[in-house]
Every structure is written in structure tokens, then in C-alpha cells.
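**Student:** structure, please.
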Amino acid sequence: MTIEHTPGPLLEAAQNFPTALWNDSADPDELRQSISFGGVGATCNPTIAFTCINQRKDVWLPRIAELAKEMPEASESQIGWQVVRELSIEAAKLLEPAFEEHKGRNGRLSMQTDPRLARSAKALADQAEEFSKLAKNIIVKIPATSVGVEAIEDATYRGVSVNVTVSFSVPQAVATGEAIERGLKRREAEGLDTSTMGPVVTLMVGRLDDWIKTVAKKEELFLDPGHLEWAGIAAFKRAHAEFQARGLRARMLAAAFRNVMHWSELVGGDVVISPPFKWQEIINKSDYKPTNRLDVPVDDAIMTTLLGIPEFVRAYEPDGMTPAEFDTFGATVNTLRGFLQADADLDALVRDVIMPKP
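**Tutor:** Have a look, this model is predicted:
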């Protein structure tokens, strides 16, 4: 398979910096275009799967009907998750050339563990191991909760390349980056290979912005609202610096875009940036010239505003939260609830196919 490159800021950044571009969607058409922009990775989860199915109903609704016949005792959820598996395998094939070129560090398709398993570390690690065997270039998302930290270390030890998700803060990034490191070292101590593993730790920069804006509104804070657009950027830059200082081998990954700065301010270092396809189109239509901005500090005036918000300080300082506090952090709760709703939406979509309303 040969995909011609599309000139523009994304390709320029991919060619001139170690920053990797991943596509925040598993839709094959979007992924092919993202690869032409220089993309070397992609994501699937229940929310994305639901969107992809709705965009390609001519393909997936008949397939759901077929699966219902092939799996006569399966629940709506089991059928829906089988669609997620098939979507992921289809997308993973498009990334195999990048996987081979980058020796496992890129060229990966992210699958997300079922959010309904979030209370069991063993269930999360077991599903992560199962998903990792669907294709050689699968990377598996596990949430940065107190239970998730345990599952991340276990899955890494089992040889799963993990993509930490439901992560919005420096303490979450550090705790999960260190859990990955422990898992890698346990493998190495037993003579097990880690050379082609490609773990990443996501920081959902836009969702941190969302939460800090919610807090500022609730607390009726008098501040420059533009400064709140920088919360996720500041946290990501801090987390990346902490990873370097601590020698953690997992890369930081930026996701959950809300503005173009979530790309432009993070280009330059050995990190991954995963914009939704619509943001890639906006960026690539511009005449922006990418520069190395990752190590450029956020303006002092902006940081003064952000550090005046205690909830941001919790997210910014490496010891700002304990793992137990990850579970009740507002962005965590909101995101897990959203993922659970996406599962319910996928179930309902399957239901409408296999049991249409009279």
C-alpha cells in the first residue's frame, strides 16, 4: 500500500521534528488522509466506534445484523465490542508499514478497554492482553485511575504496549509512567523482550481545560478567560519535563483537542500528538510554519492566573494528587461517565439493528 504525502504544516512537522502525529479516529478514509499528512498511529474506542459506524452505516449496520446471526447468544454489548474489534483490526492494517518502519514505536492502533471493567485491575489487564493479540500493532488504552495504575504495570509486564487514557494531570502522568517503567523492568529482569514495545501516556489537554473552566465558573473567579486555554498545555509541558528528568521511557501523548495550540505549542520533542481529523484539516489548510515550542515555557502572566486556581495546582504539581484522588478528580469522573454513555449508545445502536422498533 502506497499513500502519497500531502504537503502542509503537519507533514513539515513530522519530517523536521521527532514529534509523531497520530489520528484520533479509526475511520479508514480519515486515517488514510492522516497518513498522507505524516500520521503514524490512530485510535479506536466506543465513542469513536459509534461515530465510525454512523459515518459508514452502509457497511456496519449489515455487519451488525450478520454478527447477530453468527453470535446467536451474544448480548448487545458483545456484538458492539466485536464491531470495535473489527474496526480496529481494519485500521491497524493501514498502519503496518509505519509499525515496521518504526520497529513498534509508532504505527500502532489504540484500542480502549471496556470502561465497565474499570473497578478490576485483573479484568483490565486481561482484556488489554486479549486486545493486544488481535494484531501485532495494537496498543491498548487503560485508564489512569487508582485501579488502572495497577493494571498498567501488570499489562506492561505481560508484554502489552499500553496507552494510558482518562489522564489529565501531571501526577497521573508520572504515576502511570512509573507503573509502565516498573512493568518494563520486571520483563527485562526475566529476560523478556521490550525492544518493540511502544508505550505512551496520554494527557487529555482539552479535557483539563474544560474542567478548569468549569471550576472557574462555579467559583465565580475573576480572571482572563483566555488564560484558561493554556491549562492543558502547561500540564503537558510539565509532565514531559518530568518524564525526561525521571528517565521514563514511555512517551507523552496529547489528545482531546479544543484549539490549534494543542498542536502548535507541543511540537518539537519526542512526543505524540493525536488530533481529531477535523483539527488536522484546519491545521493543514493554514500557512503556519511549525517550530519547536514544546520546551518554551508558558507565559508568566498566564501561569500566575492558573496557579491561583487550587484545582489547577492539583493537576500541575507532580505530587498534587494521590492515586486514590485520581478517581474523584472532576475530569476523570466526567470522562469515565462519557465513555460509559458511549458504551450504552453503542448497545442501543446494536439493539436498533437486531430488534428494530415496530
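**Student:** show me what counts as buried in the helix or strand hosting residue 302.
**Tutor:** According to DSSP states H and E, residue 302 maps onto helix 300-307. Buried residues in helix 300-307, counted by 16 or more other Cβ atoms under 10 Å: 302, 303, 305, 306. Placement of C-beta: from N, CA and C, glycine included.
**Student:** so the second one makes contact with residue 234?
**Tutor:** This means residue 303. Yes: Residue 303 is within contact range of residue 234, at 6.6 Å (criterion: Cβ atoms under 8 Å).
**Student:** quick one: average confidence on stretch 257-275?
**Tutor:** Averaging pLDDT along stretch 257-275 gives 98.
**Student:** only alpha carbons, please: show that stretch as PDB.
**Tutor:** Taking Å, rounded to 0.1, in the frame of the first residue of the first chain, the C-alpha atoms of stretch 257-275 are listed here in PDB:
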ATOM      1  CA  PHE A 257      -8.200  19.000  21.200                       C
ATOM      2  CA  ARG A 258     -10.000  22.200  21.800                       C
ATOM      3  CA  ASN A 259      -7.800  24.600  19.800                       C
ATOM      4  CA  VAL A 260      -4.900  24.600  17.400                       C
ATOM      5  CA  MET A 261      -2.400  25.400  20.200                       C
ATOM      6  CA  HIS A 262      -2.900  21.900  21.400                       C
ATOM      7  CA  TRP A 263      -0.800  21.000  18.400                       C
ATOM      8  CA  SER A 264       1.400  24.100  17.700                       C
ATOM      9  CA  GLU A 265       2.500  24.600  21.400                       C
ATOM     10  CA  LEU A 266       3.600  20.900  21.800                       C
ATOM     11  CA  VAL A 267       5.500  20.300  18.600                       C
ATOM     12  CA  GLY A 268       9.200  19.800  18.800                       C
ATOM     13  CA  GLY A 269      10.100  17.000  21.200                       C
ATOM     14  CA  ASP A 270       9.900  13.200  21.200                       C
ATOM     15  CA  VAL A 271       6.100  13.100  22.000                       C
ATOM     16  CA  VAL A 272       2.900  12.100  20.200                       C
ATOM     17  CA  ILE A 273       0.100  14.500  19.300                       C
ATOM     18  CA  SER A 274      -3.200  12.900  18.400                       C
ATOM     19  CA  PRO A 275      -5.700  15.500  16.900                       C
END
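**Student:** got the buried residues for the helix ranked longest in the chain?
**Tutor:** Longest helix of the chain, by residue count under DSSP state H: helix 330-354. For helix 330-354, the neighbour count (16+ other Cβ under 10 Å) marks 330-332, 334-336, 339, 342-347, 349-350, 353 as buried.
**Student:** one more: stretch 175-189?
**Tutor:** For stretch 175-189, by 16+ other Cβ under 10 Å, it's 175, 176, 177, 178, 179, 180, 181, 182, 183, 184, 186, 187.
**Student:** wait, which of these is closest to residue 148?
**Tutor:** Distance to residue 148 across these (Cβ to Cβ) is lowest for residue 176, with 7.4 Å.
**Student:** buried ones in the one helix or strand in the chain whose mean pLDDT sits lowest?
**Tutor:** Every helix and strand in the chain was compared by mean pLDDT, DSSP states H and E; the lowest is helix 46-55, with a mean of 83. Buried positions in helix 46-55, judged by neighbour count with 16+ other Cβ under 10 Å: 46, 47, 48, 49, 50, 51, 52, 53.
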